[in-house]
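Novice: Generate a structure from the sequence data that follows.
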Amino acid sequence: MAALVLLTGGFGLLYRHVVFTLVHDWSIDDNYSHGFLIIPLALYFTWERRTRLRAAVRQPNWIGVAVVLASLCSLLAGILGSELFLTRISVLGTIAGSILFLYGWHHLRILLFPVAFLLLMIPVPAIIFNQIAFPLQLFASRLGEMALMAFQIPVLREGNVINLANTSLEVAEACSGIRSLISLLTLGIVYGYFSDSRIWVRTMLALATFPIAIAANGFRVAGTGIAAHYYGSDAAQGFFHSFSGWLIFLAAFVMLFFVHRALLWVAPVKTAKKVAASFAAPRV
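Specialist: Residues are numbered from 1 along each chain as shown. Model (predicted):
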């Protein structure tokens, strides 16, 4: 208990400012508002592994000290260079290094998923975020243009600006789809974890969130353009714009659910268990 108190106190002393800035960003940045759920979920995933952790043999490893020192160097470099991502990513390195030093590789392997899951709470660096957001803006604009043309609505696209007969719509960074992509990726990982025990199915569900989120956002842009064409520019703002975001996110989750059903149809759980049992059965 004394060691645990010292470890927790030292961690809090080193990372209190990092944690405060993270919580502040979650509260003001809609792209990462799901960050408040990440730590409770990671703690639940850890608690769920309590039986395996008790059964695991404790074999402390000094490599953990090197990992912790490297993470502290990353923290120092982030503070001196005013780079938030370095200071935040060092949190994960310190946690992983501490587990390795105190308990060993077996414990770290057991806790690898809960620790890696914490990555979802850390905002992507701005330079990477902008490199992803702008192409998504253009792609969403293109999908919206194609959908409007399919409905025989006159449209002219200039980059990320969609010009209609009575108004113009700009697909801004907030409408690029990266917000729903990050949130849907988190939801896809959690949904896959609770709905299927097979690693490959969980991986497929997580990967499926990328095309689903991009396609759903394209439909949202198209729907906003159709509404603006028939009801004016006011239909593309205010309540309708916000409500359509929630509606499209719900539709994206439904699509993710159907992807899971398709995977179950291709490879049922019972069939997978029978195949595994046949390999495990002794051969005469």
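
Novice: now stretch 20-38, how far from the chain's geometric center?
Specialist: Taking the mean of its C-alpha atoms, stretch 20-38 sits 13 Å from the chain's own mean (Cα atoms, centre = their mean, to the nearest Å).

Novice: An error on my part: the question was meant for stretch 178-187.
Specialist: On the basis of Cα atoms, centre = their mean, stretch 178-187 sits 5 Å off its chain's mean C-alpha point.

Novice: Which residue, neighbours along the chain excluded, lies closest to R142?
Specialist: R157 (7.1 Å; Cβ to Cβ, 6 or more residues apart in numbering). From N, CA and C alone the C-beta is placed, and that goes for glycine too.

Novice: mind listing what's buried in the strand or helix carrying that neighbour?
Specialist: Assigned by DSSP states H and E, R157 belongs to strand 156-158. In terms of neighbour count (16 or more other Cβ atoms under 10 Å), strand 156-158 has its buried residues at R157.

Novice: for it, packing partners?
Specialist: With contacts taken as 3 or more Cβ pairs under 8 Å, 6 or more residues apart in numbering; DSSP states H and E, strand 156-158 sits against helix 126-150, strand 161-163.

Novice: so can I have TSV of the ones you listed showing mean neighbour count, distance to L120 and mean pLDDT?
Specialist: Listed next are these as TSV, based on neighbours: other Cβ atoms under 10 Å; distance: least, Cβ to Cβ, whole Å; pLDDT from 0 to 100:
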stretch	mean neighbour count	distance to L120	mean pLDDT
helix 126-150	17	14	79
strand 161-163	17	32	79
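
Novice: C-terminal to the helix or strand where L100 lies, what's the next element?
Specialist: Taking DSSP H and E as the definition, L100 sits inside helix 84-102. Where DSSP H and E defines the elements, the next helix or strand beyond helix 84-102 is helix 105-110.

Novice: Show me what that next one is packed against.
Specialist: By 3+ Cβ pairs under 8 Å, 6+ apart, helix 105-110 packs against helix 50-55, helix 84-102.

Novice: where's the residue nearest to R142 relative to V221, distance?
Specialist: 11 Å (Cβ to Cβ, to the nearest Å).

Novice: Overlap of the contact sets of those two?
Specialist: S141, G144 (Cβ atoms under 8 Å, 6 or more residues apart in numbering).

Novice: on that earlier part again, how close does the residue nearest to R142 sit to H229?
Specialist: R157 is 14 Å from H229, where distance means Cβ to Cβ.

Novice: Identify the residues contacting E83.
Specialist: E83 makes contact with A77, P125, according to Cβ under 8 Å, 6+ apart.

Novice: so where is the stretch 101-250 of the chain shaky, pLDDT-wise?
Specialist: Scanning the stretch 101-250 of the chain for pLDDT under 70 picks out 172-177, 179, 232-245.

Novice: For L76, find the nearest of the helices and strands packed on strand 156-158.
Specialist: Closest to L76 of the helices and strands packed on strand 156-158 is helix 126-150 (Cβ to Cβ; 21.0 Å).

Novice: count of residues packed around I226?
Specialist: By other Cβ atoms under 10 Å, 18 other residues sit near I226.
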